[in-house]
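>>> sharing a model that was predicted from the sequence below.
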Amino acid sequence: MWRMNYTIVANLYRLPKILEMMHRIADRPDLYSEQESYDYVRYVISLMQKTGWIKTEAFGTENLPEEGGYVLYPNHQGKYDAYSIAAVHEKALTVVMDREMSYPPLVDEIIRVLRGKRLDITSARHAMEVINEIASEVSEGRRHIIFPEGAYSPEKKHQLWDFKPGCFKTATKAKAPIVPVALIDSYKPYNSWTITPVKTQVHFLKPLYPEEYEGMSTFQIAAIVKERIQEKLIELGRA
């Protein structure tokens with residue numbers, strides 16, 4: 001992808017210092033708060049945006065719960081998805097990634113700095129362990145991004161795939177708010193062969209609170225979240 005390659009080249013002189021700082025933060029979590037660590041990642045993302053001619057706009061930030069932990073469930077379009085959310089979400093959050101996809105340079109450092117989770121999608125036992133870990137952290141006030149579709153393809157764009165019900169157990173176990181997130185044009189920055197300026201959107205939709213989903217199955221919850229995202233895509237002419 002031309003934009004990603006150009007961004008790397010444009011920031012090549014900064015990379016040694018950035019990587020050094022990221023390793024320092026990741027290796028010494030006792031010296032850096034979660035918010036400080038997150039803010040440094042947002043600084044790196046801002047450099048990626050500036051040199052890559054990417055602009056991301058946020059909508060519906062008033063829907064984000066003011067206190068406590070919650071889980072963001074966005075549609076999955078491409079490599080820029082998590083960056084786009086972090087770019088406009090001011091409070092510290094972290095992300096869950098497929099273990100095999102989480103070790104490229106910079107991605108590995110970001111996961112470590114954000115104290116994120118690496119998921120072995122081939123192991124049901126490991127998936128359950130991660131679900132329980134995230135549920136515990138959300139109960140303690142952390143905020144997580146989980147992509148319920150689990151994957152994407154370059155051709156997917158705004159198409160929605162099936163939402164995996166199991167990933168909603170993290171929120172239900174924690175009795176935490178579920179925040180659907182509609183990503184618009186997020187596939188364009190790093191899944192297209194162009195370096196022309198691009199604009200993406202992040203829409204934080206109406207949350208589903210514990211008292212609303214109490215008694216529902218995770219299949220029902222997944223359907224509601226998918227429907228809310230689909231409605232936003234239709235409203236914006238992307239579906």
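Done, it's in.
>>> which residue packs closest to Gln220, ignoring adjacent ones?
Tyr213 (7.8 Å; CB to CB, 6 or more residues apart in numbering). C-beta: built from backbone N, CA, C; applies to glycine.
>>> any idea how far stretch 58-77 is from the middle of the chain?
With CA atoms, centre = their mean, to the nearest Å as the basis, stretch 58-77 stands 10 Å off its chain's centre.
>>> which residues does the residue positioned nearest the centre of the chain contact?
With distances taken as CA atoms, centre = their mean, the residue of the chain nearest its centroid is Ala82 (3.4 Å). Neighbouring residues of Ala82 by CB atoms under 8 Å, 6 or more residues apart in numbering: Val95, Ile145.
>>> tell me the pLDDT of it.
Per-residue pLDDT puts Ala82 at 96.
>>> doesn't it belong to a helix?
Yes - assessed by DSSP: H, G, I helix; E, B strand; the rest coil, Ala82 belongs to a helix.
>>> quick one: it from Leu72, how far?
10 Å (CB to CB, to the nearest Å).
>>> so what sits against both of those two?
Here Ala82 and Leu72 share the contacting residues Ile145, scored by CB under 8 Å, 6+ apart.
>>> quick one: contacts of stretch 95-112?
Outside stretch 95-112, the residues that touch it by CB under 8 Å, 6+ apart are 19, 22-23, 26, 41, 44, 82, 114, 116-121, 130, 134, 144-147, 150-151.
>>> pLDDT of it, averaged?
Mean predicted lDDT for stretch 95-112 stands at 91.
>>> what separates it from the chain centre, distance-wise?
Between the centre of stretch 95-112 and the centre of its chain there are 12 Å (CA atoms, centre = their mean).
>>> repeat that for stretch 172-190.
Taking CA atoms, centre = their mean, the mean C-alpha location of stretch 172-190 is offset from the chain mean by 7 Å.
>>> so which bits of it are buried?
By neighbour count with 16 or more other CB atoms under 10 Å, stretch 172-190 contains the buried residues 172, 174, 176-190.
>>> follow-up on the earlier one: among the contacts of stretch 95-112, which are in strands?
Lys117, Arg118, Leu119, His144, Ile145 (DSSP state E).
>>> give me the beta-bridge partners of Arg118?
Judged by DSSP bridges, the bridge partners of Arg118 are Met97.
>>> that one and Lys157, how far apart?
27 Å.
>>> what of Gln49?
21 Å.
>>> swap in Ser139?
35 Å.
>>> which one of these two is surrounded by more residues?
For Ser139 versus Lys157, neighbours defined as other CB atoms under 10 Å are more numerous around Lys157 (17 against 14).
>>> excluding chain neighbours, what is closest to that one?
Once flanking residues are discounted, Lys157 sits nearest to Tyr187: 5.4 Å by CB to CB, 6+ apart.
>>> report the buried members of the contacts of stretch 95-112.
Among the contacts of stretch 95-112, the ones that count as buried by 16+ other CB under 10 Å are 22, 26, 41, 44, 82, 114, 116-119, 130, 134, 144-147, 150.
>>> picking that back up, now do the residue nearest to the centre of the chain against Met128, distance only.
Counting by CB to CB - Ala82 and Met128 are separated by 23 Å.
>>> same check, this time on Ala223
Relative to Met128, and taking CB to CB, Ala223 is found at 22 Å.
>>> do Val44 as well
32 Å.
>>> OK, contacts around Ala127?
Listed by CB under 8 Å, 6+ apart, the contact partners of Ala127 are Leu119, Asp120, Ile121, Gly166.
>>> from those, which has minimum pLDDT?
Within the contacts of Ala127, Ile121 has the lowest pLDDT, namely 84.
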